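Structure for the following, please:
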Amino acid sequence: MKKHNKLVCALFVLMGTHAVQAEIHSNQSGPLSTMSVGPSDAIQRGHSQIPGGEPGVGISTVGGGKKIGFASLTSPMMGGNADSHGVYTVQSNRQHSDMGVFHFAKITDANVYFGDWAKTTSATDATHQTYYVGKDVTTTLPTDSATYTVTGISQYSGSNLFSGTFDVDFSQKKIEGSLANSQRTVELESGNLYTANNQVTFSADAKEGTTSGVVEGAFFGESAEALAGIVVFSSDHTKDIGFGGTKNSSESEETTASTDAS
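Sure thing, here's the model as predicted:
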């Protein structure tokens, strides 16, 4: 196992203790000082309380840094209307001038979100971070093989969504694939799966031309119906990618049929 993959596995173990207790698994590139994802906080509104524990995000300069659910960011009050690619754009307004700019998407039929954030819309903004956060992380490693259709978000402009496929061999604990748009192609290499703290996660090397990075992610759903993750380039975080995808429907149907027959 490569050195960075050992480190990634250790990080997942340390991070997983908190994630399992809250039933939320999350990860992000960049520091936690301004934007951070994780379990949403309970919010008191008048005499009622909105419970927490959902996929959430917080900004240190807004509401004392308390995390609100991503589902709230999709509401019309937040300007949260997805475009034709299913991507939401939420940014600073009069009420929340320090919110920054979010581009994110929700995985179909899963309580999992992925995307990016920066303080401004500038493509060179060094605060650019990517993330994923979701509920119901996969707890048991499947034994089959599967292909996932995946999309990715980085410096989203409406026409530069990443797309690709990831091939996963659960029995061999391997993952490979790629993400690309008209300007960029990122390949996953030397990918491995891990099981720790009742969570199935993965890591890989990322390669874009001569630039190297790392990939970190997790599977969600009882039969790993979905996955989400981040691509991180430590030499240039403006190129980081948040991604998510679902198992191809024919394979999901075969798995379900097999489970029903047993």
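
got the contact list for the host helix or strand of Ala105?
Assigned by DSSP states H and E, Ala105 belongs to strand 101-106. Defining contact as Cβ atoms under 8 Å, 6 or more residues apart in numbering, one finds that strand 101-106 is touched by 57, 70, 73-74, 82, 85-92, 112-121, 151, 153, 156, 242, 244. Every residue, glycine included, has its C-beta placed from N, CA and C.

try 6 Å
The contact list for strand 101-106 (Cβ atoms under 6 Å, 6 or more residues apart in numbering) reads 86-91, 113, 115-118, 121, 153, 156.

any idea which of those residues is closest to Ala228?
Closest approach to Ala228 among the contacts of strand 101-106 (Cβ to Cβ): Tyr113, at 7.9 Å.

Just list whatever residues bridge to the residue nearest to Glu208 when sequence neighbours are not counted.
Leaving aside its sequence neighbours, Glu208 sits nearest to Val186 (Cβ to Cβ, 6 or more residues apart in numbering; 4.8 Å). Here Val186 sits in beta bridges with Leu179, going by DSSP bridges.

how near is Glu23 to Thr195?
17 Å (Cβ to Cβ, to the nearest Å).

Out of the contacts of strand 101-106, which comes closest to His128?
Nearest to His128 among the contacts of strand 101-106, with distances taken as Cβ to Cβ, is Ala118, at 4.4 Å.

thinking the closest one is in contact with His128, fair?
Yes - Ala118 is in contact with His128 according to Cβ atoms under 6 Å; the separation is 4.4 Å.

For Gly245, which three-state class applies?
Here Gly245 is recorded as strand under DSSP: H, G, I helix; E, B strand; the rest coil.

how many neighbours does it have?
27 (other Cβ atoms under 10 Å).

for Asn198, same thing?
The burial count for Asn198: 12, using other Cβ under 10 Å.

how close does it sit to Arg184?
The gap separating Asn198 from Arg184 is 35 Å, by Cβ to Cβ.

Count the neighbours of the nearest residue to Asn198 once chain neighbours are set aside for me.
Nearest residue to Asn198, sequence neighbours excluded (Cβ to Cβ, 6+ apart): Thr139, at 4.3 Å. Thr139 is flanked by 14 other residues according to other Cβ under 10 Å.

Please, which helix or strand holds Thr139?
Using DSSP H and E, no helix or strand contains Thr139.

Quick check, pLDDT for it.
For Thr139, the pLDDT comes out at 95.

just Lys3 next, same as before
At Lys3, pLDDT is 41.

when you give positions from now on, start the count at 18
Okay, using 18 as the starting number, the last item reads as Lys20.

Can you give me every residue that contacts Arg40?
Heads up, residue 40 is Glu, not Arg. So Glu40 contacts Lys152 (Cβ under 6 Å, 6+ apart).

repeat that with 8 Å
Contacts of Glu40 (Cβ under 8 Å, 6+ apart): Pro56, Gly70, Lys152, Asp153.

mind exporting stretch 123-140 as CSV, just the C-alpha atoms?
C-alpha atoms of stretch 123-140 as CSV (Å, rounded to 0.1, in the frame of the first residue of the first chain):
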residue,chain,number,x,y,z
LYS,A,123,-27.7,16.1,-4.2
ILE,A,124,-27.2,12.4,-5.2
THR,A,125,-30.5,11.0,-6.5
ASP,A,126,-32.4,8.9,-3.9
ALA,A,127,-29.7,9.4,-1.3
ASN,A,128,-29.2,11.9,1.5
VAL,A,129,-25.8,12.9,0.2
TYR,A,130,-24.5,16.2,-1.1
PHE,A,131,-21.2,17.2,-2.8
GLY,A,132,-19.8,20.4,-4.3
ASP,A,133,-17.5,23.3,-3.8
TRP,A,134,-17.3,26.6,-2.0
ALA,A,135,-15.2,29.8,-2.1
LYS,A,136,-15.4,33.3,-0.7
THR,A,137,-15.8,34.8,-4.2
THR,A,138,-16.7,33.7,-7.7
SER,A,139,-13.1,34.3,-8.9
ALA,A,140,-11.5,31.2,-10.5
